[in-house]
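Trainee: Generate coordinates for the sequence data below:
(chains A and B)
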Protein chains: 2
Amino acid sequence: MTLQKTREQNYPEWYQNVIAAADMAENSSSPGCMVIKPWGYGIWERMQRVLDDMIKETGHDNCYFPLFIPLSYFQKEAEHVEGFAKEMAVVTHSRLKSVDGKLVPEGQLEEPLIVRPTSETIIADAFSKWVRSYRDLPVKINQWANVVRWEMRPRLFIRTREFLWQEGHTAHATYEEAEKEAQTMLQVYSDFAREALAIPFITGKKPEYDKFPGAVDTYCIEAMMQDGKALQAGTSHFLGQNFAKSADIKFQSSNGTQEYAYTTSWGVTTRLIGALIMTHGDDEGMVVPPVVAPHQIVIVPLLKDKSKIDEVMAYAKKLKDALSPLSFKGERIRVKLDDRQKESVDKMWEWTRKGTPLVIEVGPRDMEKNALMVRDRTKINQKEWKEIVSVDEFVNSVADRLANIQNYLLEQAQNRLNSNVKTDITTPEEFEKYFSNPNVWVEGEKQSVTFVRGKWCGDAETESKLKEMKISIRCLPFDQSGTEGICLLTGKPATLDVIYARSY
Amino acid sequence: MTLQKTREQNYPEWYQNVIAAADMAENSSSPGCMVIKPWGYGIWERMQRVLDDMIKETGHDNCYFPLFIPLSYFQKEAEHVEGFAKEMAVVTHSRLKSVDGKLVPEGQLEEPLIVRPTSETIIADAFSKWVRSYRDLPVKINQWANVVRWEMRPRLFIRTREFLWQEGHTAHATYEEAEKEAQTMLQVYSDFAREALAIPFITGKKPEYDKFPGAVDTYCIEAMMQDGKALQAGTSHFLGQNFAKSADIKFQSSNGTQEYAYTTSWGVTTRLIGALIMTHGDDEGMVVPPVVAPHQIVIVPLLKDKSKIDEVMAYAKKLKDALSPLSFKGERIRVKLDDRQKESVDKMWEWTRKGTPLVIEVGPRDMEKNALMVRDRTKINQKEWKEIVSVDEFVNSVADRLANIQNYLLEQAQNRLNSNVKTDITTPEEFEKYFSNPNVWVEGEKQSVTFVRGKWCGDAETESKLKEMKISIRCLPFDQSGTEGICLLTGKPATLDVIYARSY
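Mentor: Okay, here's the model as predicted:
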């Protein structure tokens, strides 16, 4: 049962098909915004749970800051406001009145309010009140919130006007400590993505022209989608003293001098769900890594034989009770018994399209043999997609089966990344020719454009060349070779290694 | 160490003092909005975790719907828009431009967007796409989100322009089923509040004039604060077919006819944190019921004797490790070891003001005796506030100690409610005289106004009388007596029992 479009036929349409088939989200009547449906939101809740634990373990507390930022606060950091001014939702009125039966805005605000596109300014304002002495530092907080950026070409999960995210914000006494914090949190993201999402990343630094507005340095994790395009999945910013100066976060040092603090910020968004789809999804629909699957196992009872409904249901229930107390990666296994009044074959396909790691069917014949039919979404645990195993064998092996699926998905994605970073392009001519080709499914028959690792001279003028070619420098990877070569954009001598790619 | 103002001296100021002393929240520079700080947000996270489990257990899935509602959607339900039109944040522009160095809104939207004050309209729009047949019903979803209502007199937690909440929305095939859902969810709130927050409620129905705009019936839980005022802590609405008709949620019934669905909605907010403060807080600060305490136990090591720091820290760590695997109400006990570089007496008072159920001190002398000093925030487990007990005894009794605190807080609040509902006022004259008095701390020396349970004739004209007296009908309790009497507002014959009170 393949989707309307396969990855090979039309990758962008396939992406939309997966979301619809797995019933994860839909476009809302509110322009550019999405409705995240239970299966999509369930995956987000799992991501939140895992990442939130990691954020707390590294010493951060959760808080909540206001949705609205007074315009004047935004204006304090010049680069920052310039970076966001073109995509801000602005609240100008506080009520409605009826004029000839039509409602119009009334109660104009003295100062317009910006719906937060990110919260550096309002949080720096709070920090300036919280911090007086070096003893008050570091301040390390995080919030889970919605943010708004007025995107003109929205796409579900990847780019929507409103999206959900976490944003961490910290203030430190020294440059070194803040810079280390920004690096540490990038590592947390990278570990989270590998271990929970089974997505491998290239980690590095953004080029100057593509830094977060107001940052000294922006670090990022870049993933490769199945069409060879890059997707930036998380960023961590070392902000230096820029926001501390504009918001006046000052403290008395241990020497008695007045100093500005050093701050950081870092975030990941619901875009990660898009990354998950485009990394693991296949032509039958979604594939969810067990760590973030809302249900890791769904039991579908076969209830055609009406005389045996009670017996089969009791058998299914008993199986659920045997599985539920078991653990996988330190958490209880999440098992759902799907007892809806619906054809069991429809249910089975529904859970397959949603990417449930293991779908189990039990019917009268399985009962007789004390067995079950297991369908492994990735086929990694068994020769055939579906296989009959005894209940005992399944219960004893279920944690291993889930671990195998999790590992297999990471391995598959890692192999894809490893074998699709081109390093043999050495001249601007070859480079230009390479990027004249389109992005298609990398495992298909046609050749797809993927990542190119090559040299960059760092000149400011290269930015326009990149725009013209509709590609970008994804990052300066942390593992710089230091060798000399030729800039793939200008032909000038260059030593910096960068990742060039088309991107989402 | 009492707060600046005690409950007896000035109840409203005491409330602000508790929030500051426990460092739970503060007013933001964003007008009318609050910053929820780690201890306040930690309590909210605990509430979310417990209530979310209850919402899921009753068959609801979490989703996420857009923050922005097109004005036209709001306009579809006349009563609804009228109810909210006076307090709506309106987005009218999508970017900023610089004019003479000053940023001004630009990019005027064709249709203004309302920042959701509640989501019935946008969710009903989604439901109208999801529901085609009776087989698609019921739809039962919930979201955790921020909402905005333009309050003119904000107060931390109780009334802020932006607040956090959950809002459940359901659609059903029949009147009966939807009506039952609204009642069930009110019961869930009531159970949650009793069991997790240790807050008892009077449950009932709102009078006609005070229903949710667009509802057929609004059910509510009303709590009594320590100054005898009422605080509405949660509402559940039976919406009949009103929103289904305005948004066209139609389905084919099992008979093949086209029918409108019946919908409900229900929500609780961060206001519950205000209820928690005003129910359990005392003159030393906050008191948090163990079920929702971010840390149930905090261990403060006494580190004055520098030669013994390592030993004491190891002892404290061992104690933490002994307590952490234990369970209270089916969850791991939450223990924090406070190893900050700070005077231990300051730390002890800090955790006391925050309302941590049990604060433990361990120092060199305790080590010798294999003992610890425990401070019980409520004193219910011991004669003295602080008491030395052996480690073994403490470890064995800790779950009971927490249970005792939880039960004691509920009992205390229940006794307060039981003894402060006046039922002996029978004439409008007595009634008016009673409510000429102020609300003060009910356990203080002066007499406070509390709740009056009495008769109401139900006439529409009584609304203005209530406004004049600055009181309100909190609810028509579900346990109606059915007796005849005299309306306390008009003196007319009346049979309805209602709760009259001042309220937050």
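
Trainee: list the helices and strands the helix or strand containing residue A:263 packs on?
Mentor: Assigned by DSSP states H and E, residue A:263 belongs to strand A:262-269. Strand A:262-269 is packed against helix A:120-130, strand A:162-172, helix A:175-192, strand A:230-240, helix A:242-247, with contacts defined by 3 or more Cβ pairs under 8 Å, 6 or more residues apart in numbering or on different chains; DSSP states H and E. From N, CA and C alone the C-beta is placed, and that goes for glycine too.

Trainee: The third one versus strand A:262-269: what angle between them?
Mentor: Translated: helix A:175-192. Comparing the axes of helix A:175-192 and strand A:262-269 via axes from the mean of the first three to the mean of the last three Cα atoms, to 10 degrees yields an angle of 10 degrees.

Trainee: buried residues in helix A:175-192?
Mentor: Within helix A:175-192, the residues scored as buried using 16 or more other Cβ atoms under 10 Å in any protein chain shown are A:178, A:179, A:181, A:182, A:183, A:184, A:185, A:186, A:188, A:189, A:190, A:192.

Trainee: Quick one: mean pLDDT over it.
Mentor: In this model, helix A:175-192 carries a mean pLDDT of 98.

Trainee: Then the second one?
Mentor: Mean pLDDT, computed over strand A:162-172, is 98.

Trainee: who does that strand pair up with?
Mentor: The strands beside strand A:162-172 in its sheet (DSSP bridges) come out as strand A:139-148 (antiparallel), strand A:262-269 (antiparallel).

Trainee: so that strand versus helix A:120-130, what angle?
Mentor: Using the same axes, to 10 degrees: strand A:162-172 against helix A:120-130 is 40 degrees.

Trainee: go on, the longest one?
Mentor: Relative orientation of helix A:175-192 with respect to helix A:120-130: 130 degrees, computed using the same axes, to 10 degrees.

Trainee: quick one: contacts of helix A:175-192?
Mentor: A:50-51, A:54-55, A:58, A:138, A:140, A:168, A:170-172, A:201, A:203, A:217, A:219-221, A:233-234, A:236-240, A:262-264, A:266, A:268 (Cβ atoms under 8 Å, 6 or more residues apart in numbering or on different chains).

Trainee: and the stretch 301-450 of chain A, which of its residues are near chain B?
Mentor: residue A:341 (Cβ under 8 Å from any Cβ of the partner chain).

Trainee: can you pull out the strands in the stretch 301-450 of chain A?
Mentor: Using DSSP state E, counting those that start in this stretch, the strands of the stretch 301-450 of chain A run over A:327-328, A:331-332, A:335-337, A:358-362, A:371-376, A:386-390, A:421-422.

Trainee: So what touches the third one?
Mentor: Contacts of strand A:335-337 from elsewhere in the structure, counted by Cβ under 8 Å, 6+ apart, are A:295, A:296, A:297, A:298, A:299, A:301, A:316, A:317, A:320, A:323, A:324.

Trainee: For chain B, state which of those residues is nearest.
Mentor: For the contacts of strand A:335-337, the minimum distance to chain B (Cβ to the nearest Cβ) is 11.6 Å, reached by residue A:295.

Trainee: How about the secondary structure of the closest one?
Mentor: Secondary structure state of residue A:295, per DSSP: H, G, I helix; E, B strand; the rest coil, is coil.

Trainee: Mind pulling up the pLDDT for it?
Mentor: 98.

Trainee: and the residue nearest to it when sequence neighbours are not counted, what are its bridge partners?
Mentor: Excluding the flanking residues, the one nearest residue A:295 by Cβ to Cβ, 6 or more residues apart in numbering or on different chains is residue A:336, at 4.1 Å. Counting by DSSP bridges, residue A:336 is bridged to residue A:298.

Trainee: how much space is there between residue A:336 and residue A:208?
Mentor: Applying Cβ to Cβ, to the nearest Å, the value for residue A:336 to residue A:208 is 49 Å.

Trainee: neighbour-wise, which of the two wins?
Mentor: Remark: of residue A:336 and residue A:208, residue A:336 carries more neighbours, 15 against 12, as counted by other Cβ atoms under 10 Å in any protein chain shown.

Trainee: Read off the pLDDT value for residue A:356.
Mentor: Confidence score, pLDDT, at residue A:356: 98.

Trainee: hmm, I was thinking of residue A:299
Mentor: Note for residue A:299: predicted pLDDT of 98.

Trainee: Neighbours of it, how many?
Mentor: Residues lying near residue A:299 (other Cβ under 10 Å) number 23.

Trainee: Could you report the pLDDT at residue A:99?
Mentor: Reading off the model, residue A:99 has pLDDT 89.

Trainee: Give the burial count for residue A:407, as a bare number.
Mentor: 14.

Trainee: what does residue A:371 give?
Mentor: As a burial measure, residue A:371 scores 17 neighbours (other Cβ under 10 Å).

Trainee: Contacts only, for it.
Mentor: A:388, A:389, A:390, A:391.

Trainee: same thing but 6 Å
Mentor: A:388, A:390 (Cβ atoms under 6 Å, 6 or more residues apart in numbering or on different chains).

Trainee: Ok, the one 5 residues further on next?
Mentor: Residue A:376 makes contacts with residue A:382, as judged by Cβ under 6 Å, 6+ apart.
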